[in-house]
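pasting the structure only:
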């Protein structure tokens, strides 16, 4: 048996399906205008989804009675023309995703994009900052010395997973490495650059271990120099810089990599 209605007003709660969610309250504590749907729920055109993909499936706007206008000035001007309106989903306020977020195309943000690990098929763009994470890894800050200017730098890239320390050693013959380097780096990969200060001291690296760099100068002269020490991490698989095929053909372990610009859960 089915019924057809034009307008329906729900004063308190609307339940669809089985179940009685306690979070919507009881009696005088019922939340007015609330709704529970056992799911799945489809919004938009009825036949847009060939299968049940999610609890809530939201398709493109297809109701000609309510074409959503694009309001100039509502979005930052740096977005440029919006060529994918009308939107399927609009959220005014904060939104949260507790588990994975898979994005098949572009992600555009008016300000900052923050992520611990980011995987996407398309580009991720902070529109006002023109920050395209799939090309390189930048940071952009207010210029420290020029009023009205900004400063942008890009992360250093290389064919290995490396760490570094730098500093100055003065009147000492040893450079103490960070304590955590013992289990972090491969001691055989340590390289040291030294720049003498004030005079030519003929400083050399006499030997090294996983705790210290031992120096020696010509004739025992006092040592005063800058140092820059790099080493490859030992707690992860070695990076394979070049390989044949597509990104899913990487001969190493993709679970150890966070790859900007690609989602390797999708192989098609």
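Thanks, I have the structure now. Because the structure is predicted, anything quoted here is derived from the model rather than measured. Numbering: from 1, shown residues only.

State the distance from residue 142 to residue 153.
13 Å (C-beta to C-beta, to the nearest Å). Glycine gets a C-beta too; all of them are placed from N, C-alpha and C.

what residues go with each domain of this structure?
96-158+254-268, 162-232 (automatic domain parsing).

List the contacts of residue 221.
199, 201-202 (C-beta atoms under 8 Å, 6 or more residues apart in numbering).

Just the closest of the residues you listed to residue 92, please.
When the contacts of residue 221 are compared for distance to residue 92 (C-beta to C-beta), residue 201 wins out at 64.8 Å.

can you pick the most crowded of the contacts of residue 221?
Compared across the contacts of residue 221, residue 201 has the highest neighbour count, 20 neighbours, by other C-beta atoms under 10 Å.

residue contacts, that one?
By C-beta under 8 Å, 6+ apart, the neighbours of residue 201 are 217-218, 221-225.

pretty sure residue 248 is in a strand, no?
No. Applying DSSP: H, G, I helix; E, B strand; the rest coil, one finds residue 248 to be helix, outside a strand.

For the contacts of residue 201, could you give me TSV that also reports pLDDT, secondary structure and distance to residue 96?
Shown next, in TSV, are those (pLDDT from 0 to 100; DSSP: H, G, I helix; E, B strand; the rest coil; distance: C-beta to C-beta, whole Å):
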residue	pLDDT	secondary structure	distance to residue 96
217	93	coil	59
218	86	helix	63
221	86	coil	61
222	92	coil	59
223	95	coil	55
224	96	strand	54
225	97	strand	51
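
Buried subset of those, written for PyMOL?
PyMOL command restricting those to the buried ones, with burial defined by 16 or more other C-beta atoms under 10 Å:
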select buried, resi 217+223+224+225
